[in-house]
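Peer 1: any chance you could fold what I've pasted below:
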Amino acid sequence: MQKLAVAAAAAVLTFGCAAAQAETVTIKLETYAGPRHAMNTHGWPEWIKAAEAAAPGMFKFEMSYPPIDPRALYDRVRNGIADMAWITHGYTTGRFVLPEIVELPNVDGDGRIMSRALWRIHAKHFAKLGEHKGVEALTVFTHGPGMIHSRKAITSLKDFEGLKVRTGGGIQSEIAKRLGIVAVSAPATKAHEILSQGVADGIFFSLETITSFKLGDVVKYHYTVPGGLYTASFAVVMNKAKFDGLSAAHKAALGKVSGEFMAAHMGKTWDDADKLSAAELTKTNNTVAPLPAALASELQKKIADIEVDWIKRAKEVGLADPAAVLKELRSEIAKIKAGG
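Peer 2: Predicted structure coming up:
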């Protein structure tokens with residue numbers, strides 16, 4: 001939050017004069033996942049504070065939690081019901097192929113690192129291909145390392161066979177298929193319901209979400225996969241007409257707190273929450289651990305062809321050289337890890 005405040009203060013110097021003459025634009029922001037979720041306790045409130053401080057008097061954000069299926073948020077923004085929202089790419093099967101690049105196995109980093117890298121690749125290669133049709137994508141980001149959460153301990157690949165696991169769609173569903181998992185498709189908001197009722201035996205989630213949705217009482221084993229198993233990718237989208245109607249000064253001010261700035265903040269929000277969740281879960285007799293190295297290696301071999309499949313699908317939607325872009329993503333992740 002301190003870094004956000006410093007960045008906001010610097011932006012004030014840039015936009016102070018413009019703000020003095022600009023009208024206040026109200027942005028209706030819709031969110032989901034409930035008031036306990038880190039995106040709603042830290043991610044959005046801290047970003048809104050930074051955005052309003054960066055451009056005093058230019059924006060007013062009104063955040064709400066509509067009682068709807070979060071899979072509807074993209075269309076609500078596109079149709080002008082909401083001005084702005086964050087969406088999960090995997091919730092709409094087949095609509096977003098390109099962001100799956102960061103969801104692939106063996107793409108390894110925390111939320112902040114992967115979010116920054118994904119934004120760079122999106123801005124350079126993906127944005128022009130128009131997968132976010134009808135909206136303005138202000139940023140793209142990810143949660144922290146995706147994990148496997150289960151009622152029972154997992155000690156071999158056979159333990160996955162027939163296991164009913166809630167997945168978030170996209171690459172997660174492909175992983176489930178290759179491991180013999182029975183994928184249960186449901187939004188995050190239904191997680192406790194399907195686990196407590198026995199509809200699912202486990203769940204693909206980041207660690208933070210286990211505590212924010214109070215799942216530590218229904219799944220007791222929480223596994224990371226060395227090298228990276230998956231992550232979920234998100235976008236913050238704005239209604240196209242709303243964005244196009246902004247003045248040049250408003251667009252410039254919003255741009256200062258969008259893009260990589262916003263991606264890094266949202267990604268770090270998940271990272272910080274993951275750390276708190278790990279501490280909380282270990283206090284309540286939950287097991288939080290990496291899969292044994294030998295098992296993780298077997299698992300990675302089992303799902304290795306997912307990368308080849310994504311390369312094929314990415315080419316079909318217009319990406320000229322998906323393999324080279326994937327190599328570039330991994331290079332960006334390494335660069336950011338090294339301080340770049």
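Peer 1: which strand residues bridge Val288?
Peer 2: His222 (DSSP bridges).
Peer 1: pLDDT score for it?
Peer 2: Confidence at Val288, expressed as pLDDT, is 96.
Peer 1: what about it, how many neighbours?
Peer 2: Neighbourhood size, Val288 [other C-beta atoms under 10 Å]: 20. Heads up, the C-betas are built off the backbone N, CA and C, glycines and all.
Peer 1: ok, it - contacts?
Peer 2: 207, 222, 278, 281-282 (C-beta atoms under 8 Å, 6 or more residues apart in numbering).
Peer 1: over to Arg166?
Peer 2: Arg166 touches 183-186, 190-191, 194-195, 200, 202-204, counting by C-beta under 8 Å, 6+ apart.
Peer 1: which one among the residues you listed gets closest to Thr92?
Peer 2: Nearest to Thr92 among those: Ser185, at 11.6 Å, using C-beta to C-beta.
Peer 1: quick check: the closest one touching Gly169?
Peer 2: Yes: Ser185 lies in contact with Gly169 (C-beta atoms under 8 Å); the separation is 6.5 Å.
Peer 1: the two: which has the busier surroundings?
Peer 2: Gly169 (25 against 16).
Peer 1: could you measure from the nearest residue in space to that one that is not next to it in sequence over to Ala249?
Peer 2: Spatial nearest neighbour of Gly169, chain neighbours left out: Gly90 (3.4 Å); criterion: C-beta to C-beta, 6 or more residues apart in numbering. Using C-beta to C-beta, to the nearest Å, Gly90 is found at 36 Å from Ala249.
Peer 1: between the two, which one's more packed in?
Peer 2: In this view Gly90 and Ala249 are compared by other C-beta under 10 Å, and Gly90 has more residues nearby, 25 against 17.
Peer 1: confirm that one sits in a helix?
Peer 2: Yes: assessed by DSSP: H, G, I helix; E, B strand; the rest coil, Gly90 belongs to a helix.
Peer 1: now it: how far from Gly180?
Peer 2: 20 Å.
Peer 1: repeat that for Trp44.
Peer 2: Trp44 is 38 Å from Gly180, by C-beta to C-beta.
Peer 1: between those two, tell me which one has more neighbours.
Peer 2: Trp44 (21 against 14).
Peer 1: OK, contacts around that one?
Peer 2: Contacts of Trp44 (C-beta under 8 Å, 6+ apart): 29, 31, 63.
Peer 1: mind redoing it with 10 Å?
Peer 2: 29, 31, 37-38, 61, 63, 86, 236, 265-266, 269 (C-beta atoms under 10 Å, 6 or more residues apart in numbering).
Peer 1: quick one: what helix or strand has it in it?
Peer 2: Following DSSP states H and E, one finds Trp44 within helix 44-54.
Peer 1: same check, this time on Glu298
Peer 2: Counting by DSSP H and E, Glu298 is part of helix 293-302.
Peer 1: buried residues, the helix or strand following that helix. List them.
Peer 2: Sequence-wise, the next helix or strand downstream of helix 293-302 (DSSP H and E) is helix 305-316. The neighbour-count check on helix 305-316 (16 or more other C-beta atoms under 10 Å) flags 306-307, 310-311, 314 as buried.
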